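>>> have a look; sequence and predicted model below, questions after that.
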Amino acid sequence: MTPAATIPYGPHPEQVADLWLPEGEGPHPGVVLVHGGCWRAKYGRDLEDRVAADLAGRGLAVWNVEYRRLDCDGEWPVPLDDVVAAATALPQEIDAARVALAGHSAGGHLALLAANHVPVRGVLAQAPVCDLPLAAQLGACAGAVERLLEHGAPSPIDEPPGVDVLLVHGDADAHVSVELSRAYARGGHAVYVELVGCGHMEHLDPESDAGQLAGNWLERLLA
């Protein structure tokens, strides 16, 4: 399966999103997908291609968003501004009343924050960088987190969205410490699932336990 179209939502070359469509006539319930990669330019939305294809196979339209990252005109708050802009420029094939945000790693940080600015039913946050000061302390995304903090980027732990949140993290994550999600979960602002033996990249594998959990939750949320 491949995207039905790649559509700009702004004038910058990075302001595009891939539209993945399920079978049948729309508009369809949709997922705004936000990839991770430490907000770095070398990582792009293709990280989420397998996830997007799986969700489309489940009957969900997917808006797989690219955004300006550090090192490609993406100093804070540009990444968040782009995600919000993309989530408010949904194509007509997506039912705007049945939309969720989903983000992995740095994308989880952006998805959680964006939910305070756009109407969505809920947020799936997979191994999110949800506490920037703690991430800096623990060495996650070294250098990138510090740059965000220098420019005043907020942490979702301080600005939790007022919608349903499923927070999923693996206890064997060597890239983004599970301690970040444990700290967020203690605030009571999310349903938290900690997966034993799960690392960081399993969330991008739709056949993994993490991938199945995510897909099933989004299906139920948007039914």
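Received it, and whenever you're ready, just let me know what you need.
>>> ramachandran angles for residue 149?
Dihedral pair for residue 149: phi -60, psi -40, per degrees, to the nearest 10.
>>> longest helix anywhere in this structure?
The single longest helix within the chain, with elements called by DSSP state H, is helix 209-222.
>>> what does stretch 53-62 rub up against?
For stretch 53-62, contacts defined as CB atoms under 8 Å, 6 or more residues apart in numbering pick out 1, 18-24, 26-31, 33, 51-52, 93-94, 206, 211, 215, 218-219, 222. For every residue, glycine as well, the C-beta is placed using N, CA and C.
>>> of those residues, which belong to strands?
In strands, judged by DSSP state E, the following of those are found: 18, 19, 20, 28, 29, 30, 31, 33, 94.
>>> circling back: filter the contacts of stretch 53-62 down to the buried ones and hand me the ChimeraX line.
Applying 16 or more other CB atoms under 10 Å to the contacts of stretch 53-62 leaves a buried subset, and the ChimeraX line that selects it is:
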select :18,19,20,21,22,28,29,30,31,33,51,52,93,94,206,211,215,218,222
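>>> what about stretch 12-21, start to end distance?
Across stretch 12-21, the terminal residues are separated by 24 Å (CA to CA, to the nearest Å).
>>> could you pull out the helices for this structure?
49-57, 78-87, 106-114, 132-138, 144-150, 178-185, 209-222.
>>> can you redo those helices as TSV with mean pLDDT?
Listed next are those as TSV, based on pLDDT from 0 to 100:
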stretch	mean pLDDT
helix 49-57	98
helix 78-87	98
helix 106-114	98
helix 132-138	97
helix 144-150	97
helix 178-185	98
helix 209-222	98
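>>> which of those helices is buried the deepest?
helix 106-114 (a mean of 30; mean count of other CB atoms under 10 Å).
>>> what packs against that one?
strand 28-34, helix 78-87, strand 94-104, strand 122-126 (3 or more CB pairs under 8 Å, 6 or more residues apart in numbering; DSSP states H and E).
>>> show me how far it is from its chain's centre.
6 Å (CA atoms, centre = their mean, to the nearest Å).
>>> of the helices and strands packed on helix 106-114, which is nearest residue 64?
strand 28-34 (4.6 Å; CB to CB).
>>> for residue 165, grab the count of nearby residues.
24 (other CB atoms under 10 Å).
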